[in-house]
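J.: Below is the structure, and that's it, no one-letter string:
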C-alpha cells in the first residue's frame, strides 16, 4: 500500500513547538511506517521522518518570512499531484486546497478535516464528497451537510508522556492565549479557588493578551511561562491538580486535553465541542457549564483517581488506535476504488 | 480555435469601477469573439460578455463579503482545469495559481503577467517556463530570470474615449490613493504651478489617505471626487491640461495613462517602469525625474498638440493591436504544441 501523506506547510512536520495538524500528521506517518506501510511524507523540507520525505517547500511559512504562503502552497500541491498516479491513496491533512486536484487524478483521496472552521469553506467540500473520503476528528465536528467516511479521534504518543501519580496542588492552563481557549476564565476559576495557576502557550491574540490576560498575571498566584517544550512541557502537564480547559468555542478536538490525561492529570472543561467525547465526567475530569461550576469541580477533582485517568488516555487516545482506524479506512477506500474501476471497465 | 480565458475573480469582468486585470481580460475577450474566435470566459457569474460565460464563483470576492477569496479561487481553477482538454489553449489572466495545474493537462497555457510584484513569486514562474508561455505587459516589467514568449502592451477601447480638443487649464490625478501612485507629489506640483488639480480614484491605503492626502484637499484648488464612472470618467480624462502620473514605483503599465492620451490629454510622468514605453517625450507628454521637473513640464505642456496625442494612443494602444498580437501568439503556441506532440508520437 503506497500512501502519499500531504502535510500542511505552516509548520515543520513534526512541529518544533505549536502545530497540531503537523503533529497529528507526523504521529500517523511514523506509526504507519513502523507497521511497514510504504508512506511518503509531503512536507516542508526541514521535516523529520523515518519514512520517505518528499517536497519542494524550503521552510514553513510561519517560521521563515521569505516563504510566501500562497506561492508555496501551490508549489506543494502541484508537486504531489503531478505524481499522484504513483500512489494507491493520498491522505490530505492540509485542508481543502487539495480537493481542487481531486478530479484530475484517479488516485483516491482521504481528507482529515482538522476542525470545520466555517460554512464559508463548504463550497470546497460539498462538490467533492463523491471523490474525497472525509474524516471528522470528533462527532461534534461533523458538519450536518457533509457525508463522512469515518470519525477518527486523534492519537498521541502516550508512552512519551510520563505518568505523574502525585500531580500537585497547582492548576494548569495549556493552550493558545486567545479568547477561544478561555485563559481569562481559567484565571478567574483559579483565583476563586485560592489556588496557583501555571499558564503555558503561544500568544495568538496579542491585543487580547495585552488588554485582558497580562494584567491578571502577577507572577505569584497566576504565572505565565510562555511556550514549554520537551521535558519541561511533560513535567508541566503532569504536575497539576487539574487542567482548566474553559473554552469559549466548540473545539473540534483538544490535544492538550488528552496529553494532560496521559500524564494522569484530570481535566475540567466546558461542556462544548468535542469535550464530552474526550472526558468521562467524574472519571477523567469534569464537564462544566460555567466558571462557577469549574470552581466547584476544582474542589472535587482531588477525588479523581489519576491512574484511572492515565489508563483511559492510553486505551482511548494512543497512536496505535488512530493508525488502526486510518489503515482500515485506507483499505476500504482503495477496495471501493478498485470495485469502481472494475465496474467502469464493464468487468 | 477554442480559447479558455481565465479571468481573476477579485472583480466582475468587466469591472464595475476599478479592476485593471479584469478590464484587459474583458477587452481582449470581446475583441476575440468579434473576430469569430470560439472563446469561453471563465469569470465570476455576474460577468458580462458576448462570448460564452462559464464559471462557478457567484460574485467577486472584493464586492461580496460572503465570498471567501481562497475557497473560491480554488473552485474557479478546478472548474476550468477539470475541462481543460476541451480547449486548444488556456489564456491565464489570473496570476500564478493556474501554473499548479499546468503539468496535469496537455492543453498549452499562456499567462499574461500583470505586473511582476516581487521575487517572492518566482517559485511559481521559474519551474513552469517550459510549460507556460509568459507574456510581459511591458519591456520594463520583464524579469531577467524568466523567458517570455512576447511583450504585449495592453490595448483600450479607444473609440469609447471621446477626443477633447480643448482640454482645460486644470490638472488631473487619476489612480488609486496609494503612495505608489504619487497623489501627494501631484498635489505639490499643482500647488507650485498655481493650477487646480482634480483627483479621482479609490482609496487603497486608508491610513496614507487620512494622514497625508486628505489634509491637502481644500475642495477649491485641490479637489477629490472619489471614483468616477461612465460619462463623468470620460469627461474628466479629457477635460485637463495634463494628467500628472508622478509614480513612486516601477509601474508595469498604466491604463489611465493611455486612456488620458486617447482623450487627447498629455501625460507628465516619472521616468520609471513602463512610462518611457507609453509616453513619447515631448510628443504625447513629458518624462520627468522630480516634482520640480514636473512643474517645469506643466508650464510647457500647453505646447503639446492634443490631436497628436490622441492619434498616438489610437495607433499604439487600441484593442485591435492587442488582439492581433495575442492571436499571433496563440497560433504560434498551438502550432508548437502540435509539433511537440507529433515528435513525441515519433511521427
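T.: Nice, thanks for sending it over. Values in this document were obtained by computation on a predicted structure and should not be read as measured data. Numbers count the residues shown, from 1 in each chain, chains lettered A, B, ... in the order given.

J.: State the number of residues packed around residue A:192.
T.: 14 (other CB atoms under 10 Å in any protein chain shown). Every C-beta, even on glycine, is put in place using the N, C-alpha and C of the backbone.

J.: Validate this expectation: it resides in a helix.
T.: Yes: checked against DSSP: H, G, I helix; E, B strand; the rest coil, residue A:192 lies within a helix.

J.: if I look at it, how far off is residue A:169?
T.: 15 Å (CB to CB, to the nearest Å).

J.: can you check residue A:29 too?
T.: Taken as CB to CB, the span from residue A:29 to residue A:169 is 39 Å.

J.: Looking at those two, which one has more neighbours?
T.: Ranked by neighbour count (other CB under 10 Å), residue A:29 and residue A:169 place residue A:29 first, with 29 against 10.

J.: and the stretch 101-250 of chain A, which of its residues are near chain B?
T.: A:101-105, A:120-121, A:123-124, A:127 (CB under 8 Å from any CB of the partner chain).

J.: would you list the residues you listed in JSON lines and tack on neighbour count?
T.: Below are those laid out as JSON lines (neighbours: other CB atoms under 10 Å in any protein chain shown):
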{"residue": "A:101", "neighbour count": "26"}
{"residue": "A:102", "neighbour count": "22"}
{"residue": "A:103", "neighbour count": "17"}
{"residue": "A:104", "neighbour count": "15"}
{"residue": "A:105", "neighbour count": "18"}
{"residue": "A:120", "neighbour count": "14"}
{"residue": "A:121", "neighbour count": "17"}
{"residue": "A:123", "neighbour count": "19"}
{"residue": "A:124", "neighbour count": "21"}
{"residue": "A:127", "neighbour count": "17"}
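
J.: Give me the domain ranges for chain A.
T.: A:2-155+A:318-344, A:158-317 (automatic domain parsing).

J.: For residue B:260, which of the ones you listed is the nearest?
T.: domain A:2-155+A:318-344 (33.7 Å; CB to CB).

J.: Between the two ends of that closest one, what distance do you get?
T.: One end of domain A:2-155+A:318-344 sits 23 Å from the other (CA to CA, to the nearest Å).

J.: Correct me if wrong: residue A:128 contacts residue A:99.
T.: Yes: with contact defined as CB atoms under 8 Å, residue A:128 counts as touching residue A:99 (4.3 Å).

J.: returning to that earlier point: could you dump the domains of chain A into JSON lines and include distance to residue B:267 and mean pLDDT?
T.: Formatted as JSON lines, the domains of chain A follow (distance: least, CB to CB, whole Å; pLDDT from 0 to 100):
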{"stretch": "domain A:2-155+A:318-344", "distance to residue B:267": "34", "mean pLDDT": "97"}
{"stretch": "domain A:158-317", "distance to residue B:267": "45", "mean pLDDT": "97"}
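
J.: Tell me, how many residues neighbour the residue nearest to residue A:168 when sequence neighbours are not counted?
T.: Computed as CB to CB, 6 or more residues apart in numbering or on different chains, the closest residue to residue A:168 that is not its neighbour in sequence is residue A:239, at 4.8 Å. Each residue near residue A:239 was counted by other CB under 10 Å, and the total is 17.

J.: thought residue A:239 was touching residue A:165?
T.: No: in this structure, residue A:239 is not within contact of residue A:165 by CB under 8 Å, at 11.1 Å.
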